[in-house]
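K.L.:
Just to be clear, the model below is a prediction. Sequence and coordinates:
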Amino acid sequence: MIAVAAALYLVDCVVLLERGQAVLEAMWSRIGIAFGSRHYQIGGKAVALLNPLTPFFPVFRTLPLFACLGGSNAKISKSLRALSPVSTPPLLQFLLLFFVLPFCLYRAPGWPFFIALVLAYLNAVAMLGFIWWRLRGAGICARPLAGLGFAWLACLPLSVNAMRKAGLALGIAMDARQAIRLLPASEKDRARSDLAAQLAEALEETDEGDANYRRLDELRRQLILETGRGGT
């Protein structure tokens, strides 16, 4: 049972990205960026794996390149302020599901296991309510939480990723090119190189007559030039 729970959680840590789309992770006082695998795809999308040991860091997904902003897109600063205080419940859920419950199952079955299970469900409900309250208070649409909350309660291992999945479901008002500007100067060149590599693969999959082919190629060339001269 524990192995199945861990497997479900690891699968839930997989994020699919459009070519040129990025995952942003707010780690302590800095932002990290990832573009997923350059070679592994599912349904034509790049595969990114969230760190299974850090469900307490907020995670967001940028807009696809050349996408238009919608009315539901929120600034990352506002989304980060809304979700950062929710870091403790996911950590508690991680400990309950993968340490406390296995210990009780094998060492203290019966009431201790039942109490730990009830605490895990109560924490999942509390996370759902707290995230909804924080998003509503920040003026961010909380509609995606309806489907996510049902999944967390129906399959408890998925609730460990509650905060990260809530962040991924939000519409962030920036694309990957803009997100690179949030990085420390020492990490920008690596990020530009990774994005250029993703765009190179996207070009191989795009017909030269496609309207986006020229835009993708131009952006790739700009990124390579900026990497070479250390542009900001």
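P.N.:
Everything's here; your move.
K.L.:
need the contact list for residue 58.
P.N.:
25, 26, 79, 80, 83, 84, 86, 87, 163, 164, 167 (CB atoms under 8 Å, 6 or more residues apart in numbering). C-beta here means a position set from N, CA and C on the backbone, and glycine is covered the same way.
K.L.:
Just read off the phi/psi values of it.
P.N.:
phi -60, psi 140 (degrees, to the nearest 10).
K.L.:
Now tell me what touches stretch 85-92 from outside.
P.N.:
Contacts of stretch 85-92 (CB under 8 Å, 6+ apart): 55-58, 123, 126-127, 130-131, 134, 160-164, 166.
K.L.:
Low-confidence stretches in the protein?
P.N.:
In the predicted model, the chain carries pLDDT under 70 at residues 69-72, 228-232.
K.L.:
residue closest to the middle of it?
P.N.:
residue 59 (3.9 Å; CA atoms, centre = their mean).
K.L.:
Surely that one and residue 24 touch.
P.N.:
Yes: here residue 59 reaches residue 24: they are 6.9 Å apart, a contact under CB atoms under 8 Å.
K.L.:
who wins for neighbours among the contacts of stretch 85-92?
P.N.:
residue 160 (32 neighbours; other CB atoms under 10 Å).
K.L.:
From the contacts of stretch 85-92, pick the one nearest residue 213.
P.N.:
residue 164 (33.5 Å; CB to CB).
K.L.:
Quick check: the closest one vs residue 15, distance?
P.N.:
In this view, residue 164 and residue 15 are 9 Å apart by CB to CB, to the nearest Å.
K.L.:
Give the intersection of the neighbour lists for the two.
P.N.:
residue 50.
K.L.:
Understood, closing this out.
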